[in-house]
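Enquirer: would you be able to build a 3D model of this:
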Amino acid sequence: MTEENSKYRFIPYRRRDIVEMCLQEKRLTAAADDFRQLSYMLDQIFHFEFHQVIEALKNAYANLDPDADTRCLDMVENDTSKIFVELLDGLLEKANYERVTESDLNQALIESSLFKIRLQVEFDDFSEVSLFARGVSQKQEEIPVWFGLGSKTIDFTNYERVVVYIRIRDDYQHSKHDFASCRAGATLLKLFRNVPRADLEMLFPNTRVRMRLMDKLLIGVPALVSGGIVFSTKLGASLVLLGSLLGYWLGVSKQPAELNQAGILVLLAGLAALGGYLWKQFSNFKNRKLRFMQALTQNLYFKNLDNNAGVFHRLANDAEEEESKEAILAYYFLLTSETLVSKSELDRAIEDWFDTRWNCRIDFEIDDALHKLLTLGLVEESDGRFGAVAIDEGIQVLDRRWDNYFVPDPQ
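Expert: Sure, this is the predicted structure:
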């Protein structure tokens, strides 16, 4: 598999690695330990603030969680889905996820699955559907054709992470063919990895496998051939006898057909042959469909990362990392700059550094990074140009902020 480089909206490195990547530039040799300390304090501040986000999400999701094993008080608001969706959208934005547009989803429904199966989703079963993706790239992969005798290379759009939010309709009618999670009013939250856009359909809970035209031909053509052989050999005598009986009963033929023991045996043998043939074709159909279901299940098993409440805990960790990495990078580049720089200059410097130094193209969130640093007091602005406070001063600023978190509000 090959991958075409594209701009990442998120930073594909861990926070600790970003700190060490900055220090490898040897521009803060004397203050390396202080820079690590400031970065650690930044991380703890974001961790504390995102803890409040998680608590708000937990409270809003409590009545929606299909996996909950706790009771809810009657005084708690029952319908918190709107609040939860708003909080989730904000968290996904901070984790640098982007909404999968309706046009992208429609394109996925048109494209052929990489797993050579046809999927069908009944969107009328849902009252709300939202998909979010991160790490969009173009990839190439060789797939077998002609029963493995050859191969061809295909290009496809791949999502490194996909979040699926689904709310089943309140008036949904459950059937015996549905999964247990498909119940009226259920709220489902899923996180997947490495999902081709053409296979987005497999992420829905009510996805059904359907036969492609090729699969129908692979079953139907041999069935017709073998059926002709069965009818011409094993059913020949039975058909002649039945024709004679029907002709006499309908008045077409005046010669009566004799139905003796031998004739009955011929009929039974013919019916047994017909029943065996039909059962074999039905088994072929079911076995092929089961193989498709197995391929779908195995694929989802390795792509699923988290479910329901576990998803926003993981997203909060991702968002916390992104916030911390963006702040560290912007602070480092401002700290090591000899003059004040504009927002566009800082944005270009960071993106060029990733491209030339680390062979990684990113779309850096400069507005978000500067907003955080200004709020924390680590950056100063003058006429649209920015500069960082000294490291020792920055450590003191963050220390005071941390202490203020635990000062009681005056009554």
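Enquirer: now do the buried residues in stretch 165-175.
Expert: 165-168, 172 (16 or more other C-beta atoms under 10 Å). Using the backbone N, CA and C atoms, a C-beta is placed for each residue, glycine as well.
Enquirer: can I get these in JSON lines including secondary structure?
Expert: Formatted as JSON lines, the buried residues of stretch 165-175 follow (DSSP: H, G, I helix; E, B strand; the rest coil):
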{"residue": "Tyr165", "secondary structure": "strand"}
{"residue": "Ile166", "secondary structure": "strand"}
{"residue": "Arg167", "secondary structure": "strand"}
{"residue": "Ile168", "secondary structure": "strand"}
{"residue": "Tyr172", "secondary structure": "coil"}
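Enquirer: which of these lies closest to Ala390?
Expert: Ala390 has its nearest neighbour among the buried residues of stretch 165-175 in Tyr165, at 44.2 Å by C-beta to C-beta.
Enquirer: correct me, but the closest one touches Val100?
Expert: No: contact criterion C-beta atoms under 8 Å: Tyr165 and Val100 do not qualify, at 11.0 Å.
Enquirer: any common contacting residues for the two?
Expert: Among the neighbours of Tyr165, those also in contact with Val100 (C-beta atoms under 8 Å, 6 or more residues apart in numbering) are 131-132.
Enquirer: can you redo the buried residues of stretch 165-175 as a markdown table with distance to Ser39?
Expert: What follows is the buried residues of stretch 165-175, written out as a markdown table (distance: C-beta to C-beta, whole Å):
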| residue | distance to Ser39 |
| --- | --- |
| Tyr165 | 33 |
| Ile166 | 38 |
| Arg167 | 40 |
| Ile168 | 44 |
| Tyr172 | 49 |
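Enquirer: which stretches in the stretch 251-400 of the chain count as helices?
Expert: Applying DSSP state H, counting those that start in this stretch to the stretch 251-400 of the chain gives helices spanning 261-303, 309-335, 343-358, 366-376, 391-404.
Enquirer: make that the stretch 101-250 of the chain, sorry
Expert: Here the stretch 101-250 of the chain has its helices, by DSSP H, counting those that start in this stretch, at 102-110, 213-233, 236-249.
Enquirer: with adjacent residues omitted, what lies nearest to Glu323?
Expert: Spatial nearest neighbour of Glu323, chain neighbours left out: Phe46 (4.9 Å); criterion: C-beta to C-beta, 6 or more residues apart in numbering.
Enquirer: need the contact partners of stretch 87-107.
Expert: Outside stretch 87-107, the residues that touch it by C-beta under 8 Å, 6+ apart are 9-10, 53, 56-57, 60, 130-134, 136, 159, 161-163, 165, 189, 197, 200, 312, 315-316, 318-319, 322-323, 365.
Enquirer: what's the answer for stretch 338-354, then?
Expert: Here stretch 338-354 makes contact (C-beta under 8 Å, 6+ apart) with 329-330, 333-334, 337, 360-364, 366-367, 370, 382, 384-387.
Enquirer: give the buried subset of these as a ChimeraX selection command.
Expert: Applying 16+ other C-beta under 10 Å to the contacts of stretch 338-354 leaves a buried subset, and the ChimeraX line that selects it is:
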select :329,330,333,334,360,362,364,366,370,386
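Enquirer: give the bridge partners for the nearest residue to Phe156 once chain neighbours are set aside, please.
Expert: If the residues on either side of it in the chain are set aside, Phe156 comes closest to Pro196, at 5.0 Å by C-beta to C-beta, 6+ apart. Bridge pairing for Pro196 (DSSP bridges) gives the partners Asn158.
Enquirer: for Glu98, same thing?
Expert: With DSSP bridges as the criterion, Glu98 is bridged to Ala133.
Enquirer: what sits against the nearest residue to Ala327 once chain neighbours are set aside?
Expert: For Ala327, ignoring the flanking residues on the chain, the nearest one in space by C-beta to C-beta, 6+ apart is Lys372 at 4.9 Å. Going by C-beta under 8 Å, 6+ apart, Lys372 touches 323, 326-327.
Enquirer: same deal with Val195?
Expert: Applying C-beta under 8 Å, 6+ apart to Val195 gives the contacts 133, 158-159, 162, 203, 303.
Enquirer: any idea how far it is from Tyr331?
Expert: Here Val195 is placed at a distance of 34 Å from Tyr331 (C-beta to C-beta, to the nearest Å).
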